[in-house]
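Q: this is a predicted model, with the sequence first.
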Amino acid sequence: MTATPDPRPAPFSRSDYKTLGLAALGGALEIYDFIIFVFFALTLSQLFFPPEMPEWLRLLQSFGIFVTGYLARPLGGILMAHFADRLGRKKVFSLSILMMALPCLLIGIMPTYAQIGYLAPLLLLALRILQGAAVGGEVPSAWVFVAEHAPRGHRGYALGFLQAGLTFGYLIGALTATALAQLFSPAEILDYAWRYPFLLGGVFGVIGVWLRRWLSETPVFMAMQERREADLELPLRTVLREHRLAILPAMILTCVLTSAVVVFVVITPTMMQKTFAMSASHTFALSALGIVFLNIGCVLAGLIVDRIGAWRTVMLYSLLLPLGIGVLYSSLIAGSPWVGLAYAIAGLGCGVVGAVPSVMVSLFPARIRVSGISFTYNIAYALWASTTPLLLIGLMPWSPWVCVIYSAVMGAVGIASALYFGTRLPGASQEPVPSGC
């Protein structure tokens, strides 16, 4: 007689909490290494390009190097995912943070244009490409690593907590940049102090690598090794041949997730200063508050996933996304004194960032899971994150409501995707599909 699997959630053990905490902390440190570049884009534009070049062109080229990091994500992510599916999740999970930290450290010690001429921006570009490849492998590997370690019935919470850790890296970067501005004068930052955040990123990388050495390989991959399922053909080829139906919803949901991050983290702080004439210090304080509530929103979304299912949670938060952004921009446009409260509400409404990973890990079987997620996530993220900010900034003079309209459109896309694919693909039920299916 075959035993019936116990449907009740398994309790979180001390080991589970340790694995989740180390994964989230390592992810936050790695995202810091990637995002710190943007906080010093203006400074780097003055240091790594000819002084006779127009300021706007130097800044544009500096941001172009930053965007290159996004465009490098697909290739690096696909290559690292291949080895994650063939050699193990832990090895690639640890390698990605080293690939991110080393370039960050090298940026902190490298010579500038004044010392080596045009070789300086070329080296900077090469290091950003390496960082882009690293972050392309980090996020999919982290999702799969945590999902395959999570106790039964708690995978949504585990992934939501991980996403909170990743977004916390943005906050660390912002706090570091603000502290540097308070401790040093603009001349001192331009002279030498700009190097400190990048050197700190190198230290963070060493800490991250050390933390991840305590992690163990996922039980799902170890079972695959015993069945020799990890020795099959090229994983990406299997994805493209046997799992084409999962590619479209995975890319669509990545765009919905990316839209929430772009509007809330990237565009809104810029618009608060340019369109709504807020001071930089006030903008930072509100942005920091918003990111804290975004972290909370990710965890809450994960808890809801475990109660009602991943697709239903995506549908719920696709509705809450434009509502939260609408509250925020209504407050900004009206000049309300309650902008901080509105920012917190918007952060909670962006919980789709914590819900989407639960669907993504359900769309692909274990033997090609990292490759499937990496291929769809990185291509969609690179295209969406590199074009959406320019589109929204360009349309902002037309109407201050453009971010709300955009969020409403992407929310509708998320709802439609959940309604259509949620009944046709895995991940629609309350209990996640078996990890090895």
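A: Looks like it arrived, so ask away.
Q: which residues of the stretch 51-200 of the chain score low on pLDDT?
A: Under the criterion pLDDT under 70, the flagged ranges of the stretch 51-200 of the chain are 52-70, 77, 79-94.
Q: please redo it, this time with the cut-off set to 80
A: In the predicted model of the stretch 51-200 of the chain, residues 51-100, 131-139, 141, 152, 174, 177-178, 181 satisfy pLDDT under 80.
Q: show me the helices in it, by range?
A: Listed in chain order, the helices of the stretch 51-200 of the chain (DSSP state H, counting those that start in this stretch) span 55-71, 73-87, 89-109, 113-116, 119-149, 155-183, 186-188, 195-212.
Q: among these, which is nearest Val299?
A: helix 155-183 (4.8 Å; C-beta to C-beta). Backbone N, C-alpha and C define where each C-beta goes, glycine included.
Q: ok and that closest one relative to helix 195-212, angle-wise?
A: Taking axes from the mean of the first three to the mean of the last three C-alpha atoms, to 10 degrees, one finds helix 155-183 and helix 195-212 inclined to each other by 150 degrees.
Q: helix 155-183 packs against which elements?
A: When contacts are defined as 3 or more C-beta pairs under 8 Å, 6 or more residues apart in numbering; DSSP states H and E, helix 155-183 packs onto helix 14-39, helix 119-149, helix 195-212, helix 280-308, helix 352-363.
Q: now, of the ones you listed, which is deepest in the fold?
A: Stretch with highest mean neighbour count among those: helix 352-363 (a mean of 29; mean count of other C-beta atoms under 10 Å).
Q: so that helix versus helix 280-308, what angle?
A: If you take the same axes, to 10 degrees, helix 352-363 sits at 40 degrees to helix 280-308.
Q: elements contacting helix 352-363?
A: Going by 3+ C-beta pairs under 8 Å, 6+ apart, helix 352-363 lies up against helix 119-149, helix 155-183, helix 244-261, helix 280-308, helix 310-334, helix 369-395.
Q: possible to save those helices as TSV with distance to Pro357?
A: TSV is the format used below for the helices and strands packed on helix 352-363 (distance: least, C-beta to C-beta, whole Å):
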stretch	distance to Pro357
helix 119-149	5
helix 155-183	4
helix 244-261	8
helix 280-308	9
helix 310-334	9
helix 369-395	9
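Q: out of these, which is closest to Phe204?
A: That would be, of the helices and strands packed on helix 352-363 and by C-beta to C-beta, helix 155-183, which comes in at 8.4 Å.
Q: so where is the stretch 301-437 of the chain shaky, pLDDT-wise?
A: Scanning the stretch 301-437 of the chain for pLDDT under 80 picks out 366-367, 385-387, 389-397, 423-437.
Q: report the buried residues of stretch 411-423.
A: For stretch 411-423, the neighbour count (16 or more other C-beta atoms under 10 Å) marks Gly411, Val413, Gly414, Ile415, Ser417, Ala418, Phe421, Gly422 as buried.
Q: so how far is Ala134 from the second one?
A: I take that to be Val413. Val413 is 29 Å from Ala134, where distance means C-beta to C-beta, to the nearest Å.
Q: equivalent analysis for Lys274, please.
A: 32 Å.
Q: same deal with Met100?
A: 4 Å.
Q: now, which of the buried residues of stretch 411-423 lie within strands?
A: Among the buried residues of stretch 411-423, no residue falls in strands (DSSP state E).
Q: could I get those as CSV with distance to Ala366?
A: Listed next are those as CSV, based on distance: C-beta to C-beta, whole Å:
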residue, distance to Ala366
Gly411, 31
Val413, 28
Gly414, 26
Ile415, 29
Ser417, 23
Ala418, 24
Phe421, 20
Gly422, 21
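Q: for Ala342, state which of these is nearest.
A: Taking C-beta to C-beta as the measure, Ala342 lies nearest Gly411 of these, at 17.5 Å.
Q: what sits against that closest one?
A: Gly411 makes contacts with Val256, Ser318, Leu319, Leu321, Pro322, as judged by C-beta atoms under 8 Å, 6 or more residues apart in numbering.
Q: turn those into JSON lines, columns for neighbour count and distance to Pro397.
A: Below are those laid out as JSON lines (neighbours: other C-beta atoms under 10 Å; distance: C-beta to C-beta, whole Å):
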{"residue": "Val256", "neighbour count": "27", "distance to Pro397": "26"}
{"residue": "Ser318", "neighbour count": "25", "distance to Pro397": "28"}
{"residue": "Leu319", "neighbour count": "17", "distance to Pro397": "29"}
{"residue": "Leu321", "neighbour count": "29", "distance to Pro397": "24"}
{"residue": "Pro322", "neighbour count": "22", "distance to Pro397": "21"}
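Q: what is the neighbour count of Leu245?
A: Counted with other C-beta atoms under 10 Å, residues neighbouring Leu245 total 11.
Q: quick check: it vs Arg424, distance?
A: Distance, Leu245 to Arg424, using C-beta to C-beta: 8 Å.
Q: name the nearest residue to Arg369, sequence neighbours excluded.
A: Distance criterion C-beta to C-beta, 6 or more residues apart in numbering; nearest residue to Arg369, sequence neighbours excluded, is Val144 at 5.2 Å.
Q: if I look at Gly169, how far off is Val146?
A: To Val146, Gly169 is 16 Å away according to C-beta to C-beta.
Q: I meant Leu391, not that one.
A: Separation of Leu391 from Val146 (C-beta to C-beta): 32 Å.
Q: what about the nearest residue to Pro357 once chain neighbours are set aside, distance to Trp143?
A: Leaving out its chain neighbours, the residue that sits closest to Pro357 by C-beta to C-beta, 6+ apart is Leu159, at 4.3 Å. From Leu159 across to Trp143, the span is 6 Å (C-beta to C-beta).
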